[in-house]
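# Provided below for reference: sequence and predicted model.
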Amino acid sequence: MARLKAPSQRQLKAGELIRRALSEIIAKEHLRDPDLSGVSVTISEVRASPDLKQAIVYAAPLGGGDNDKLIAALNRCARFLRGRLGHHMEMKSTPALKFVADTSFDVATDMNKIFNRPEVKRDLRHEEE
């Protein structure tokens, strides 16, 4: 089984810079796609490839909403956002952007529901004693 290599400091730094820049661009730009009209977007993470030519952007609608619709709209706008990103950042080349749904908020909500079930609370209390 092949093991995935941990991202380098360069990849982590580039990902964070891209995340911040994209968050600002999406908040300030008027995006013409009707599926993005009036929707606040959370960019939670950006994972840059080792050569920094591609970036996977994890996004979700702020406060909930149709994740699939949002991701499809962001991917339709990816070339435009890449162009804006190129003007916003000083990088040798601007990475191609691929938007994917961030489901970590859903997972956290599901975990909270599990931890709040009476039988789980009971079992956790017994382990603490």
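The structure has been received and is ready for your questions. Numbers count the residues shown, from 1 in each chain.

# Now do the same contact list for the closest residue to residue 58 other than its chain neighbours.
Leaving out its chain neighbours, the residue that sits closest to residue 58 by C-beta to C-beta, 6 or more residues apart in numbering is residue 102, at 3.9 Å. Bear in mind the C-beta positions are built from the backbone N, C-alpha and C, glycine included. Residues in contact with residue 102 (C-beta atoms under 8 Å, 6 or more residues apart in numbering) are 42, 44, 45, 58, 59, 60.

# now the strands for this protein?
41-48, 54-61, 96-101 (DSSP state E).

# Now do the buried residues in the last one.
The neighbour-count check on strand 96-101 (16 or more other C-beta atoms under 10 Å) flags 97, 99, 100 as buried.

# next one: the second one
For strand 54-61, a neighbour-count test (16+ other C-beta under 10 Å) marks 55, 56, 57, 58, 59, 60, 61 as buried.

# of the residues you listed, closest to residue 74?
residue 59 (5.9 Å; C-beta to C-beta).

# need the helix or strand of this protein with the lowest average pLDDT.
The least trusted helix or strand in the chain, going by mean pLDDT, DSSP states H and E, turns out to be helix 104-115, with a mean of 62.

# Tell me the bridge partners for the spatially most central residue of the chain.
Centroid check for the chain by C-alpha atoms, centre = their mean gives residue 58 as the closest residue, at 2.0 Å. Following DSSP bridges, residue 58 is listed with bridge partners residue 45, residue 100.
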